[in-house]
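**Student:** Here is a sequence with its predicted model. Questions after.
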Amino acid sequence: MIMSNKKPFIAGNWKMSKTIPEAVELVRELNEASSELTEAEIVVIPPFTALNDVKNTLPGSSIQIGAQNFFWEEKGAYTGEISAPMLKDAGCAYVVIGHSERRQYFGETNETVNKKIKASLAHELLPIMCIGESFEEKEKGKTINKIETQITEGFEGLEKKEISQIIIAYEPIWAIGTGLTATPNQAEDVHRFIRNKLAENYGNETGSCAIILYGGSVKPANSYSLLKEEDINGALVGGASLNSESFIEIIKEAIKAYKEK
Ligand code: PEP
């Protein structure tokens, strides 16, 4: 699949929220508004239990579906796990890898992130790889160091054509679910670093075409100013994606910002 950052890319991570009927209702409301939102790439990321019903609510829709996690093996005796082919079967085009909550509570590391990226690409599931620094790391001036390590170790052994299929989400941990947002300037500095690093390691085209999302308390009120930054191509939205009105507003603001860049 060829990816492009010509449109803003807005993904809603529902985390461990929404029953199946609630998920279907939310996605139905989004789908009703989708004809006004064609200038954005929209992805919803429901819990596993709702994936199939969400898919069946969106026949022919431009809204795409992602999953929040998976295991890198294809099948077998891995109780409680879900594989990439299973996610494809349930209608997913994307999968989130290495979200900070998975790193914090479920022991994900750069090494497991790397294995998952390889497995997702092998099954044509596009990875949304999350990276970001903690509050302490930010305070100690270690943000760029942390980001560089996460990228280097997460991308270990991957080739240029694989790198160009990866969406990167910069999510400062201190901004996730806290109401604190990186200022557009703070976010842009990190995004620019990521893009330059990709260009340096994998060529200018890989750098300039990369889709780099910002995540961390994105809301209707800050979507425009974040997306106006040159190197911010979209948003990974948690809390504000659980409500159709605020998610639609974020997408509209992103479209407006993108047109004015
Ligand atoms: C997230 O879940 O990736 C996230 C950024 O959450 P929130 O928007 O609620 O901070």
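**Tutor:** Arrived safely.

**Student:** Nearest to the ligand within the chain, name that residue for me.
**Tutor:** The nearest approach of the chain to the ligand comes at Gly238, 2.1 Å away (C-beta to the nearest ligand atom). All C-beta atoms are positioned from the backbone trio N, CA, C, and that covers glycine.

**Student:** Give the residue spans of this protein that score low on pLDDT.
**Tutor:** 1-2 (pLDDT under 70).

**Student:** let's see 80
**Tutor:** 1-3 (pLDDT under 80).

**Student:** mind listing what the most centrally placed residue in it touches?
**Tutor:** The residue lying closest to the centre of the chain (C-alpha atoms, centre = their mean) is Ile128, at 4.4 Å. The neighbours of Ile128, taking C-beta atoms under 8 Å, 6 or more residues apart in numbering as the test, are Ala11, Gly66, Tyr94, Val95, Val96, Ile97, Ile167, Ile168, Ala169, Leu213, Leu236.

**Student:** What count of nearby residues applies to Thr178?
**Tutor:** Thr178 sits with 12 neighbouring residues when counted by other C-beta atoms under 10 Å.

**Student:** My guess is it contacts Ser217. True?
**Tutor:** Yes - contact criterion C-beta atoms under 8 Å: Thr178 and Ser217 qualify, at 6.2 Å.

**Student:** quick revisit: ok, and which of the contacts of Ile128 reach the ligand?
**Tutor:** Leu236 (C-beta under 6 Å from any ligand atom).

**Student:** Spell out which parts of this structure neighbour the ligand.
**Tutor:** 13, 15, 171, 176-177, 215-218, 236-240.

**Student:** So how do I select the buried members of those in ChimeraX?
**Tutor:** To isolate the buried ones among the residues of the chain next to the ligand in ChimeraX, judged by 16 or more other C-beta atoms under 10 Å, type:
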select :13,15,171,176,215,216,217,218,236,237,238,239,240
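
**Student:** so of the residues of the chain next to the ligand, which ones are in strands?
**Tutor:** Asn13, Gly215, Leu236, Val237 (DSSP state E).

**Student:** all helices of the stretch 151-261 of the chain, in order?
**Tutor:** In the stretch 151-261 of the chain, the helices defined using DSSP state H, counting those that start in this stretch lie at 160-163, 184-202, 204-209, 220-227, 244-260.

**Student:** how about TSV for those helices, with mean neighbour count added?
**Tutor:** Formatted as TSV, the helices of the stretch 151-261 of the chain follow (neighbours: other C-beta atoms under 10 Å):
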stretch	mean neighbour count
helix 160-163	14
helix 184-202	18
helix 204-209	15
helix 220-227	21
helix 244-260	19
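
**Student:** Might you report the residue contacts of the residue of the chain closest to the ligand?
**Tutor:** Gly238 neighbours (C-beta under 8 Å, 6+ apart): Gly12, Asn13, Lys15, Ile176, Gly177, Gly215.

**Student:** likewise Asn222?
**Tutor:** Asn222 touches Thr181, counting by C-beta under 8 Å, 6+ apart.

**Student:** Apply 10 Å and report the result again.
**Tutor:** Thr181, Ala182, Thr183, Pro184, Ala187, Tyr214, Gly216, Ala235, Ala240, Ile250, Glu253 (C-beta atoms under 10 Å, 6 or more residues apart in numbering).

**Student:** pretty sure the fifth one is in contact with Ile147, am I right?
**Tutor:** No - with contact taken as C-beta atoms under 10 Å, Ala187 and Ile147 are classed as non-touching, separated by 11.8 Å.

**Student:** intersection of neighbour lists for the two?
**Tutor:** Common neighbours of Ala187 and Ile147 (C-beta under 10 Å, 6+ apart) are Tyr170, Pro172.
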